[in-house]
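K.L.:
Got a sequence here, can you model it:
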Amino acid sequence: METNIKINRLKTEFDFSLVPTWYAICTNDHCPLKQDCLRYLAGSNAPESLETALCVMPHMAKDGHCRLFDKKNVVVMAAGFTTLYDQVLKADYTNMRKTITKYLHGVKMYYEYKDGRRALNPEQQKWIRNYVSSLGYDFEVKFDRFFEAYVFHHQAAL
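P.N.:
The predicted structure is shown next:
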């Protein structure tokens with residue numbers, strides 16, 4: 001990762017507006033896993049205006065385990081790579097852009113990532129850095145900004 005970068009840290013107060021609509025929340029105050037569970041953190045911070053939501057049922061917590069437990073995990077996301085091609089040779093530009101576009105699932109999503117409207121997770125950041133390096137470039141790939149975010153996991157059984 002870049003040295004001396006500014007990372008926007010998570011606020012101490014949980015922002016429920018960042019919870020995806022597909023994410024199952026939990027409100028089980030008796031769950032022994034609640035302190036480390038992102039689902040419980042989301043559920044305990046749901047606004048009073050929320051009338052319905054996808055929820056984990058209380059009986060899922062059995063014998064100190066929960067199949068739908070989602071450990072709180074904070075990662076550093078990167079948004080935007082508008083200067084990526086500044087040091088790239090013209091001969092490499094088109095192939096590099098096409099390869100990164102394919103990796104990021106198409107033109108629409110590529111521009112959302114490039115412009116910073118969609119954030120790159122750590123694995124995507126690493127892939128872009130490694131790809132640029134594999135072409136023989138030794139410059140540090142710079143992303144426009146960094147911020148911390150919770151990782152909300154899909155649960156296959158939901």
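
K.L.:
What segments of the protein are strands?
P.N.:
For the chain, applying DSSP state E gives strands covering 7-8, 61-62, 65-66, 74-79, 119-120, 145-150.

K.L.:
Mean pLDDT added to these, as a markdown table?
P.N.:
As requested, the strands of the chain are exported to a markdown table (pLDDT from 0 to 100):
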| stretch | mean pLDDT |
| --- | --- |
| strand 7-8 | 94 |
| strand 61-62 | 92 |
| strand 65-66 | 94 |
| strand 74-79 | 97 |
| strand 119-120 | 98 |
| strand 145-150 | 97 |
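
K.L.:
Out of the ones you listed, which is closest to Asp29?
P.N.:
Taking Cβ to Cβ, strand 61-62 is the member of the strands of the chain nearest to Asp29, at 10.7 Å. The way it works is simple: take the backbone N, C-alpha and C, and place the C-beta from them, glycine included.

K.L.:
Within the sheet, what are the partner strands of the closest one, with directions?
P.N.:
Paired strands of strand 61-62, with direction, are strand 65-66 (antiparallel) (DSSP bridges).

K.L.:
and Tyr23, which of the strands of the chain is closest to it?
P.N.:
Using Cβ to Cβ, the nearest of these to Tyr23 is strand 145-150, at 10.0 Å.
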